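Asker: here is the input, now give the coordinates:
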Amino acid sequence: MSAETHAEHAHGHDDHHEPGFVQKYIFSVDHKTIGIQYGIVSLLFLLIGFFLMMVMRWSIAYPDQPLPGWLSMFFSDDWKAKWLQDGKVTGATYNMFGAMHGTIMVFLGVVPLGFAAFGNYVTPLQIGAPDMAFPKLNMMSFWLYFVGGAIMLASFFLPTGAAQSGWTNYSPLAGLQQAEYPNQWMTGQTWWLLAMVFLITSSLLGSVNFITTIINLRAKGLTWMRMPFFVWAMLVTAFLLLLAFPPLEAAALMQLSDRVFDSSFFMPSGLYSKTLGALEVSGGGSPLLYQHLFWFLGHPEVYVLLLPAVACVAEIIPCNTRKPLWGYRPMVWSVLVLGFLSFIVWAHHMYMTGMGPMISTFFQTTTVLISIPSVILLTSLIISLWGGSIRFSVPMLWATAFIPMFGIGGLTGLPLAFNLVGLHLHDTYYVIGHFHYVVAPGILFGLFAGVYHWYPKVTGRYMNNFLGHLHFWPSLVFINLLFFPMLVQGMAGFHRRWYNGGAGYLAEAGNTTNVFGNTVLEYMHLNELMSTAAFLLALSQVPFIINVFLAWKAGRKVENDNPWEATTLEWATPTPPGHGNFTFEPAIYRGPYEYSRPDHDEDFLPQWHEPQQPEAAEKESKSAQV
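Answerer: Residues are numbered from 1 along each chain as shown. As a prediction, the model looks like this:
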């Protein structure tokens, strides 16, 4: 069915039967409701992941002190008796929270918020579609995600606790972890694998849906180079998910088989455990195979996280500078090249495995090459600011802050591209600082910008400006105080898995021959600085939470359907959009960022405005093909 026929079909059913509450808000097939569902649930998971991080930061900064009441109040007495020692975090608890923090933030928080929430809500509106191509598949995708998240959280309450082998779940460590329990189906490690199968299947269904929708349901006149950059980014992200996630799903199923069926896909012979003794496995498994399968997803996953944030920023900057997005075509080609290159850089995570110089040189080269399209994207966004009549609205604050924050994340990653440097910095806080600069002040700033930008379209009300500033400025300060010292500690050799922040080395620090112990002692004070910044960063999110709910009911109402005076097609819909999205058959006459045109009275010319004269239409058509 063509986009026009699909649209007519939807518009011809404006008198459709109004669904009940459950069908409308719980098991909805409307892309807008599903987008909101993804948004709310993923923000809740981000909150849970942040809480786990605060417990870890307390343990690192104050290893000899019990958890304070405002952190321990969320745990039952039975749970505290089992997993805390005199109220203090143990190594096992730290490992559990570390593994689950990474898993929840990446797979249950940032990816669903960026790709599933924003993508589901905005993409069909921007291409003029009445819904996603497969609405029921869309609903199934959300509920698979929800079930996977529920299994992941429920694993905390198992007798074994949740997974404790890092968010990467490397074999053979993950194969041995909790192996002493007789029923392997009831262990946190096994539930982690089951949850990942649900989450990956959800992503695969969603990616197929996005690709089909963008290719088949574009409005009349919406050629490839008239698509907003947001849509391009979602298309590439969908392909990344479709091609990169199956290897990890296969790895999860094979590791599950190793745990419950005593196979040895990843378990070599000759393993010995202190609790289990010599392991009776058939052997012949390859732990390195698991690493390859994981990181073949792991590096494309970085761009699955990144591209939706860049997409949000690329929509917000032209709107708030009142000038076209500079370098639109180079940005499109860059994001396509970025998607391709992301599949041939994965082994730079594996320099410690002893790969030969030829292979390491190949991956060093591709890792440096992938920085080029990233630099083109950032440079285009920076130049787009030049000479603009900038409106520093709250969305624009987050969007402009994204640029230097992501820049720091990218630049600190360049040294890690090289084998020699990677051998020294591997598993140190430098890697943590680099990755978190990309994901937290980088990606999350871009996604916060998107929330503030599209909130008026979703609800028909503005978010509060004062609360927006109260959210932004403290977040900007404290997030840098949290992550920048990690880079310093990492270069001093601080290991990422010290649950006591390096306190174990202090006993030897007085010995002048213990250079490493003295180095640790020199930078120990940064632990308290970073942990305090983490707690204040959590406090800085309170205005945002208040703002989301307060504005929903009491926010100032928008004056019209296009309150930001933007040019892309989602602003042509009613506010909020109803069934079928559009009240007219959308058609596109020009590119997505026609701002401040000298031949137009207003400083914006929307894509859907029909040209006044045939000559103008012909001129615009030719210019769109350039």
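
Asker: quick one: Leu144 from Leu204, how far?
Answerer: Taking Cβ to Cβ, to the nearest Å as the measure, Leu144 falls 9 Å from Leu204. Every C-beta, even on glycine, is put in place using the N, C-alpha and C of the backbone.

Asker: could I get the full set of strands for this protein?
Answerer: 84-85, 88-89, 272-273, 277-278 (DSSP state E).

Asker: looking at these, which is closest to Phe544?
Answerer: Phe544 sits nearest to strand 88-89 of all the strands of the chain, at 27.6 Å, using Cβ to Cβ.

Asker: which strands border that closest one, and is each parallel or antiparallel?
Answerer: The pairing partners recorded for strand 88-89 under DSSP bridges are strand 84-85 (antiparallel).

Asker: quick one: average pLDDT of the strand it pairs with?
Answerer: Mean per-residue pLDDT for strand 84-85: 93.

Asker: next: stretch 439-452.
Answerer: Rounded mean pLDDT across stretch 439-452 is 95.

Asker: stretch 213-226 too?
Answerer: The model assigns stretch 213-226 a mean pLDDT of 96.

Asker: ok, stretch 277-290 next?
Answerer: Per-residue scores along stretch 277-290 average to 86.

Asker: which of the residues in that stretch are buried?
Answerer: Leu279, Val281, Gly285, Pro287, Leu288, Tyr290 (16 or more other Cβ atoms under 10 Å).

Asker: closest to Phe582 out of those?
Answerer: Using Cβ to Cβ, Tyr290 is the member of these that sits closest to Phe582, with 47.7 Å.

Asker: for that closest one, what are its contacts?
Answerer: For Tyr290, the contact set (Cβ atoms under 8 Å, 6 or more residues apart in numbering) comprises Tyr170, Ser171, Ala251, Met254, Gln255, Phe265, Phe266.

Asker: coming back round to it: which of the strands of the chain sits most buried?
Answerer: Ranked by mean neighbour count, the strands of the chain are led by strand 88-89 with a mean of 21 (mean count of other Cβ atoms under 10 Å).

Asker: and the nearest residue to Leu288 once chain neighbours are set aside, how far from Leu420?
Answerer: In space, and not counting its chain neighbours, Leu288 is closest to Thr353: 5.9 Å by Cβ to Cβ, 6 or more residues apart in numbering. Noted for Thr353: a distance of 15 Å to Leu420, by Cβ to Cβ.

Asker: Phe50 now?
Answerer: Applying Cβ to Cβ to Phe50 and Leu420 gives a distance of 35 Å.

Asker: more neighbours: which of those two?
Answerer: Between Phe50 and Leu420, counting by other Cβ atoms under 10 Å, Phe50 is the more crowded of the two (18 against 11).

Asker: where's the more buried one relative to His101, distance?
Answerer: 8 Å.

Asker: mind checking which residue lies nearest the centre of the chain?
Answerer: Residue closest to the mean C-alpha point of the chain, counted by Cα atoms, centre = their mean, is Val110 at 2.8 Å.

Asker: now that one, nearest residue through space, not along the chain?
Answerer: Using Cβ to Cβ, 6+ apart, the nearest residue to Val110 is Leu305, at 5.2 Å.

Asker: and for the one you found, the neighbour number?
Answerer: Leu305 has 24 nearby residues by other Cβ under 10 Å.

Asker: tell me who's in contact with it.
Answerer: Going by Cβ under 8 Å, 6+ apart, the list of residues near Leu305 reads Val106, Val110, Val111, Gly114, Val438, Val439, Ile443.

Asker: residue boundaries of the helices in the stretch 201-350 of the chain?
Answerer: Remark: helices assigned in the stretch 201-350 of the chain by DSSP state H, counting those that start in this stretch are 229-260, 287-321, 328-341.

Asker: need these in CSV with distance to Ile215, can you?
Answerer: Formatted as CSV, those follow (distance: least, Cβ to Cβ, whole Å):
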stretch, distance to Ile215
helix 229-260, 8
helix 287-321, 18
helix 328-341, 15
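
Asker: pick the most buried one from those helices.
Answerer: When the helices of the stretch 201-350 of the chain are compared using mean count of other Cβ under 10 Å, helix 287-321 is most buried, at a mean of 24.

Asker: what's the angle between that one and helix 229-260?
Answerer: 160 degrees (axes from the mean of the first three to the mean of the last three Cα atoms, to 10 degrees).

Asker: quick one: distance of helix 287-321 to the chain centre.
Answerer: Centre-to-centre, helix 287-321 and its host chain are 7 Å apart (Cα atoms, centre = their mean, to the nearest Å).

Asker: tell me the helices in the stretch 501-626 of the chain, going along the chain?
Answerer: Under DSSP H, counting those that start in this stretch, the stretch 501-626 of the chain gives helices at 506-509, 515-523, 525-540, 542-554, 614-625.

Asker: show me where pLDDT drops low in the stretch 251-400 of the chain?
Answerer: Nowhere does the stretch 251-400 of the chain drop to pLDDT under 70.

Asker: okay, the helices of the stretch 501-626 of the chain, which one's buried deepest?
Answerer: Taking mean count of other Cβ under 10 Å, helix 525-540 is the most buried of those, at a mean of 18.

Asker: off-centre distance for that one?
Answerer: 22 Å.

Asker: I'd like to know which elements it is packed against.
Answerer: For helix 525-540, the packing partners by 3 or more Cβ pairs under 8 Å, 6 or more residues apart in numbering; DSSP states H and E come out as helix 31-61, helix 465-491.

Asker: picking that back up, need the max-distance pair from the contacts of Leu305.
Answerer: Checking the contacts of Leu305 with Cβ to Cβ, the most distant pair is Val111 and Val438, at 13.8 Å.

Asker: how about stretch 133-149 as PDB, C-alpha atoms only?
Answerer: Presented in PDB, the C-alpha positions along stretch 133-149 are these (Å, rounded to 0.1, in the frame of the first residue of the first chain):
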ATOM      1  CA  ALA A 133       4.200   0.200   8.700                       C
ATOM      2  CA  PHE A 134       3.400  -2.700  11.200                       C
ATOM      3  CA  PRO A 135       1.500  -1.300  14.200                       C
ATOM      4  CA  LYS A 136       0.900  -4.600  15.900                       C
ATOM      5  CA  LEU A 137       4.600  -5.500  15.500                       C
ATOM      6  CA  ASN A 138       5.300  -2.100  17.100                       C
ATOM      7  CA  MET A 139       3.200  -3.000  20.100                       C
ATOM      8  CA  MET A 140       4.800  -6.400  20.400                       C
ATOM      9  CA  SER A 141       8.300  -4.800  20.300                       C
ATOM     10  CA  PHE A 142       7.400  -2.600  23.300                       C
ATOM     11  CA  TRP A 143       6.000  -5.500  25.400                       C
ATOM     12  CA  LEU A 144       9.000  -7.700  24.700                       C
ATOM     13  CA  TYR A 145      11.100  -4.800  25.900                       C
ATOM     14  CA  PHE A 146       8.900  -4.400  29.000                       C
ATOM     15  CA  VAL A 147       9.100  -8.200  29.800                       C
ATOM     16  CA  GLY A 148      12.900  -8.200  29.300                       C
ATOM     17  CA  GLY A 149      13.200  -5.200  31.700                       C
END
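
Asker: excluding chain neighbours, what is closest to Lys323?
Answerer: Closest to Lys323 by Cβ to Cβ, 6+ apart is Gly388, at 4.8 Å.

Asker: which residues does that neighbour contact?
Answerer: Gly388 neighbours (Cβ under 8 Å, 6+ apart): Asn320, Thr321, Arg322, Lys323.

Asker: okay if I get these as TSV plus distance to Ala399?
Answerer: TSV is the format used below for those (distance: Cβ to Cβ, whole Å):
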residue	distance to Ala399
Asn320	7
Thr321	10
Arg322	14
Lys323	14
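
Asker: return the member of the residues you listed nearest to Leu539.
Answerer: Asn320 (27.9 Å).

Asker: show me what contacts the closest residue to the closest one other than its chain neighbours?
Answerer: Among residues not flanking Asn320 along the chain, Met396 sits closest, at 4.1 Å (Cβ to Cβ, 6+ apart). Shown in contact with Met396 (Cβ under 8 Å, 6+ apart): Ile316, Ile317, Asn320, Ile390, Ala449.
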